[in-house]
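Undergrad: All I have is the shape, not the residue letters:
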C-alpha cells in the first residue's frame, strides 16, 4: 500500500492524523516499523531480541523473523551474545575494556542469567544487579573497571589527557573533532562557512559556504534567564516561511541555518557581519544593542560580559564591582577578592582543553 511513499511523507501524514482513520494510521506505523527492522543492522536486531522486555511482543516476532531470514540462529545466543549487546549500548571506545570486564566477571562465576542494570548518562556510569553478595569480588571488578573507563576516551580508547567534556570522556584529539564542527569560519562581508551536520543514517556532514545574498530572512532571540542568544538565518522570505507546509528534515536542513551563543564558536563575530539590509528594523536594533553592550571581564580579561554575566568564566560583573560583605571580610579587600577569582579561573583552565581552545580561537572575545 505504501511502497512508493518515502518515510518523511508517511511521518507527515501521521503528524496530520486528524485527516485519516485510526486503522490507516496504524498501518502507516506498522509500515514504518517494518522498514526500520529491514534496514537495521544485525547488531541492532540482536540487541532488540536479547532485550525483548524493552519492546512489544509484535516487535520481538518481527525481529525474530528478520534474523531468521538473515541466517542468524537465535537458539545459539549465549552469555557472549548478551555481553555484546550490553557493550553495544556504550560508546565504541570502551568496547575492549567492557568486554575484558565481563570476561573477568565470567571467570569469577557470573553468567547472563544474572541480568545487569546499567546506564551511562551525564558522565555517570552505573552497573548494578550483581545478586551474589557472597562473592564481593564481582562488585570490586565492576568498580575497578568503571574507574578505568573514566580515564579512557570513549571515542578512540586513548588514555592521553582524557577529560570530561559534555557528558563524555574524551582525549584532546576527539574533543577537537567535535569543537571544530561548531566553528563558524571565514566570516566576511561576503558570507561564512559552517558545518552542516548529517540528518540521516549513513549520511556524512559537510562544511558549507554560504553567501549573504542567499539569506532572505533573519530571526533573532535572546533568552535573558539562560544568557543564550540565538539567530536563525533563513533562505526563505518571511512570507514563504509562513505559507510553507513542508516538514521534512532535508527541507529544514537546506533552508534554515541556526546558531547559538552557548554552542557555536565565533558567534558574535558572525552577528556583527550580518548585512544590515537583510535585517528588519526591530532585529537590527536588538543585534546592535547586544553588540554594543558587550563588556570586558576583569577576571578572564576577555570581552565576554553580556547581561552582567561573563560567557567565558561565568563570573558576574556586578559581584566583582560590588562584592558581598562576606567576601570582603574573608579576603580583606575588593582587590584580593578579584585576585582570588582570577586564581580560581587560572586553575580551571589548566586542565580544560576545550575551554582553552575557545579562549585562543573564538574571535568574538578578542
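TA: Thanks, I have it. The structure displayed is predicted, hence computed values, not measured ones.

Undergrad: C-alpha from now on. contacts and neighbour counts both.
TA: Fine.

Undergrad: does residue 355 belong to a helix or a strand, and which?
TA: Assigned by DSSP states H and E, residue 355 belongs to helix 353-361.

Undergrad: which residues sit against that helix?
TA: Here helix 353-361 makes contact (CA atoms under 8 Å, 6 or more residues apart in numbering) with 163, 165, 172, 175, 176, 179, 265, 349, 365.

Undergrad: Most neighbours among those residues, please name it.
TA: Of all the contacts of helix 353-361, the most densely surrounded is residue 265 (26 neighbours; neighbours counted as other CA atoms under 10 Å).

Undergrad: Please, where are all the strands along the stretch 201-350 of the chain?
TA: Secondary structure of the stretch 201-350 of the chain, counting by DSSP state E, counting those that start in this stretch: strands at 206-211, 217-223, 228-234, 256-260, 295-296, 303-306, 309-310.

Undergrad: In JSON lines, list these along with distance to residue 82 and mean neighbour count.
TA: Listed next are the strands of the stretch 201-350 of the chain as JSON lines, based on distance: least, CA to CA, whole Å; neighbours: other CA atoms under 10 Å:
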{"stretch": "strand 206-211", "distance to residue 82": "36", "mean neighbour count": "14"}
{"stretch": "strand 217-223", "distance to residue 82": "46", "mean neighbour count": "16"}
{"stretch": "strand 228-234", "distance to residue 82": "43", "mean neighbour count": "18"}
{"stretch": "strand 256-260", "distance to residue 82": "41", "mean neighbour count": "17"}
{"stretch": "strand 295-296", "distance to residue 82": "55", "mean neighbour count": "18"}
{"stretch": "strand 303-306", "distance to residue 82": "50", "mean neighbour count": "20"}
{"stretch": "strand 309-310", "distance to residue 82": "48", "mean neighbour count": "22"}
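
Undergrad: export these to TSV and tack on distance to residue 144?
TA: Below are the strands of the stretch 201-350 of the chain laid out as TSV (distance: least, CA to CA, whole Å):
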stretch	distance to residue 144
strand 206-211	40
strand 217-223	43
strand 228-234	40
strand 256-260	39
strand 295-296	45
strand 303-306	42
strand 309-310	39
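
Undergrad: and those as a markdown table, adding mean pLDDT and distance to residue 316?
TA: Listed next are the strands of the stretch 201-350 of the chain as a markdown table, based on pLDDT from 0 to 100; distance: least, CA to CA, whole Å:
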| stretch | mean pLDDT | distance to residue 316 |
| --- | --- | --- |
| strand 206-211 | 95 | 36 |
| strand 217-223 | 91 | 17 |
| strand 228-234 | 94 | 15 |
| strand 256-260 | 94 | 21 |
| strand 295-296 | 94 | 11 |
| strand 303-306 | 91 | 8 |
| strand 309-310 | 92 | 4 |
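
Undergrad: Quick check: can you list the domain ranges of the chain?
TA: According to automatic domain parsing, the chain comprises the domains 79-176, 181-292, 297-366.
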